[in-house]
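K.L.:
Sequence first, predicted coordinates after that:
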Amino acid sequence: MATSGGSGAADGGGRGDDRVLATAQQILKSLNTPKEVRDDMLLIFSSFDNRLSNITDLVKDGDPEERFQSAEQIIQRWDSDAGASRRTLAWEDSPDEAAQYLSAIDEILRVYENLSLEDDKDRDLIERADSAIQLAMSLLEDEFRHILIRNTVPLDAERMYGSIRRVSLSFAANEGEIDDELESFGEVDNDSNGCFHERGPSLGDDLCFDLINPDAVAELREIVERMVRSGYEKECIQAYTSVRREALDECLVILGAEKLSIEEVQKMGWPDLNETMKKWIQAVKIAVRVLLSGEKKLCDQIFDEAEWMKEACFKDTAKGCLIQLLNFGEAVAIGVRSSEKLFRILDMYDALAGVMPDLQAMIMDDFVRIEAKGVLDALGDAARGTFEEFEKAVQNETSRRPMQGGEIHPLTRYVMNYIKLLADYSDTLNLLLGSSEDELQNLQHKDDKLQIENMPPISQRLLLLLSCLESNLEEKSRLYEDPGMQYVFLMNNIWYMVQKVKDSELAKLLGDHWVRKRRGQVRQYARNYLRTSWTKALSCLKDEGIGGSSSNASRVALKERFKSFNACFEDIYRIQTAWKVPDTQLQDELRISISEMVIPAYRSFLGRFRNQLESGRDSGKYIKYTPEDLENYVSDLFVGVPNVLHNLRRKSS
């Protein structure tokens, strides 16, 4: 829609306008026709050249009623039997006629402003002006809606995500690359797949695009100006907000933030809820930083002359979009708390907290501000409560089935991978978590209590959690009858914990002291294992009780010693090849420790007493293994595949 009034040519435009106007004036003087015919001709003139769109100005010195009647006829002609659809199309197709129509409204308003109800002559004109303005405003309101709808920029997910789309897709793909070790623990949860995820990328702040065609803004402002002068501000606001609310609702649908009741959200299964939460997280960022930011800019452009209308339009347009998003956040916050939800809840909290400054700056509606802050607080409470539920689950996990081969317990895997991901949220959790003095007294190690005092809340809570895990693992180790296997089980699990901490952000949160302390525990468990598993075998290689020196020892006693050692070693081999030490470094260290303890003792004993047995019959029955054989057999331990040495040929043969 063109603006009212035309401009002359760049070169000599003023002289050209003067000639056109002079010609028109000359024609008017020669018009000795009836008034009705003259008015029709004026309309024809104004349609020939936009420089005559304000043709009524040519008769300013004439009767105001004549000027009024000319403008009135223009308005009535546009409200003719052609109907709203035709007149809208005419407006779209003929910017000159649109400019003429606006000029007619201006004339009506100019005349109207100079009329007085106290003047009997003016009363009739006032009624006609009211009627004309009502007709004109009805058409302008329709045209205002039509221009908004027609010029709304088509949006899709790709356009709204803009330059971050590739990163978003990468984020979605990475979610499938979860540590293979993630699994449920004990009987607490039989389906933890999808409970964990890598944190997604943050939404870029550089996304900006026009919500409507910029060329239409001038047309909309022309209409707003006339509707405001005519006292139709409310109708203008209603027209704007009804169109823009619908446009924002469509954007939320495109983003996957569908409208759901609290009951519908709470009935959703975890896979569906998880996907909906992910979409909500991105929708909140885009809605506030892109859509509502663009909406605010649009309101400022269209209603720049009316501050209160800017605020009213933006408030009414944005409110529905925001309340829909906040309702979902509230539904999640008050839902059943379970450990798999924690990361998504934290993502939702971070997303809403991240846009709160923008939201507070844009939204003047106290209700929406209070609602947003309330949902943010509720999500924080939900995150805190979910973390506490996780702590209780770790503390109360009481599965009684020992892990085959002393393997790493699923509880350990679950907890360590869970808190490894929690480390990414340390800043947020430091705001949400705290610990009491009573809780700190429950730490497993006294020196941990000294270290924890100056730690941030997340570090304190993780230390408490890991202390609970260690206590639980000690209880589970007692499920094994073999003391050696108890220590292998504890070695496996504590070492796994150390590796997870050492290779992640957890090292910063828990500190070097924690790592050193657990490494020391692993070494102590290894020493305890060696003592409980190999003491009996090593006792067979002592000189005591064999009745003499290496040259005159009792052959009967020597045979018994070798026989006992062989039986012990074969029994250990049979049992401990079935034990599993998954970490190759720990596995190698254990084997080296065994070899360093057993092989030299065996070689020394064999060197001192071999001659006395080999001189007799069936010496191979007692001296079954060379030191090299034993070392080879030690390398078979801790692979998780049971094996036996009975009737096997010696490896060195």
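P.N.:
Yes, it's here.

K.L.:
ok, Pro300 to Val224 distance?
P.N.:
You called it Pro, but residue 300 is Asp. 12 Å (Cβ to Cβ, to the nearest Å). (Each C-beta comes from the backbone N, C-alpha and C, glycine too.)

K.L.:
what about these two, which has more around it?
P.N.:
Val224 (25 against 13; other Cβ atoms under 10 Å).

K.L.:
so where does that one fall, helix or strand?
P.N.:
Assigned by DSSP states H and E, Val224 falls within helix 215-229.

K.L.:
Remind me what that helix packs against, helices and strands.
P.N.:
helix 95-113, helix 120-150, helix 233-254, helix 293-302 (3 or more Cβ pairs under 8 Å, 6 or more residues apart in numbering; DSSP states H and E).

K.L.:
Out of the ones you listed, which is the most enclosed?
P.N.:
helix 95-113 (a mean of 21; mean count of other Cβ atoms under 10 Å).

K.L.:
mind checking how far that one is from the chain centre?
P.N.:
In terms of Cα atoms, centre = their mean, to the nearest Å, the centre of helix 95-113 is found 53 Å from the chain centre.

K.L.:
for stretch 398-414, same thing?
P.N.:
Taking mean C-alpha positions (Cα atoms, centre = their mean), stretch 398-414 and its chain are 32 Å apart.

K.L.:
buried set for that stretch?
P.N.:
Applying a neighbour-count criterion of 16 or more other Cβ atoms under 10 Å, one finds 399, 402-403, 405-414 buried in stretch 398-414.

K.L.:
Now for those residues: which two are most distant?
P.N.:
Of all pairs drawn from the buried residues of stretch 398-414, the widest gap by Cβ to Cβ lies between Gly405 and Tyr414 and measures 18.9 Å.

K.L.:
Export the helices and strands packed on helix 215-229 to JSON lines and append columns for distance to Glu481.
P.N.:
Shown next, in JSON lines, are the helices and strands packed on helix 215-229 (distance: least, Cβ to Cβ, whole Å):
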{"stretch": "helix 95-113", "distance to Glu481": "94"}
{"stretch": "helix 120-150", "distance to Glu481": "78"}
{"stretch": "helix 233-254", "distance to Glu481": "61"}
{"stretch": "helix 293-302", "distance to Glu481": "67"}
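
K.L.:
would you turn these into CSV with mean pLDDT and distance to Ala557?
P.N.:
Formatted as CSV, those follow (pLDDT from 0 to 100; distance: least, Cβ to Cβ, whole Å):
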stretch, mean pLDDT, distance to Ala557
helix 95-113, 87, 119
helix 120-150, 87, 106
helix 233-254, 95, 89
helix 293-302, 93, 92
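
K.L.:
Quick one, which of the ones you listed gets closest to Val556.
P.N.:
Of all the helices and strands packed on helix 215-229, helix 233-254 comes closest under Cβ to Cβ, at 91.1 Å.

K.L.:
Ala239 and Glu141 touch, don't they?
P.N.:
Yes - Ala239 is in contact with Glu141 according to Cβ atoms under 8 Å; the separation is 5.1 Å.

K.L.:
where does this structure have its least confident helix or strand?
P.N.:
One helix or strand of the chain scores below all others by mean pLDDT, DSSP states H and E: helix 165-174, with a mean of 38.

K.L.:
For burial, what's the neighbour tally of Leu510?
P.N.:
Neighbours around Leu510, by other Cβ under 10 Å: 26.

K.L.:
can you pull the pLDDT of it?
P.N.:
pLDDT, Leu510: 93.

K.L.:
For it, give me its contacts.
P.N.:
Ser459, Leu462, Leu463, Leu466, Val501 (Cβ atoms under 8 Å, 6 or more residues apart in numbering).

K.L.:
Then Ser635?
P.N.:
So Ser635 contacts Arg591 (Cβ under 8 Å, 6+ apart).

K.L.:
Now Ala601. Nearest residue, chain neighbours left out?
P.N.:
If the residues on either side of it in the chain are set aside, Ala601 comes closest to Leu541, at 4.7 Å by Cβ to Cβ, 6 or more residues apart in numbering.

K.L.:
Please report phi then psi for that neighbour.
P.N.:
phi -100, psi 10 (degrees, to the nearest 10).

K.L.:
How about Val639?
P.N.:
According to degrees, to the nearest 10, Val639 has phi -100, psi -10.

K.L.:
So which elements touch the helix or strand containing Glu631?
P.N.:
In this assignment (DSSP H and E), Glu631 forms part of helix 627-634. On a contact count with 3+ Cβ pairs under 8 Å, 6+ apart, helix 627-634 meets helix 555-576, helix 584-614.

K.L.:
can you put these in a markdown table and add distance to Gly374 and mean neighbour count?
P.N.:
As requested, the helices and strands packed on helix 627-634 are exported to a markdown table (distance: least, Cβ to Cβ, whole Å; neighbours: other Cβ atoms under 10 Å):
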| stretch | distance to Gly374 | mean neighbour count |
| --- | --- | --- |
| helix 555-576 | 60 | 18 |
| helix 584-614 | 50 | 16 |
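
K.L.:
Nearest to Ala129, out of these?
P.N.:
Between the helices and strands packed on helix 627-634, helix 584-614 lies closest to Ala129; by Cβ to Cβ that is 93.6 Å.
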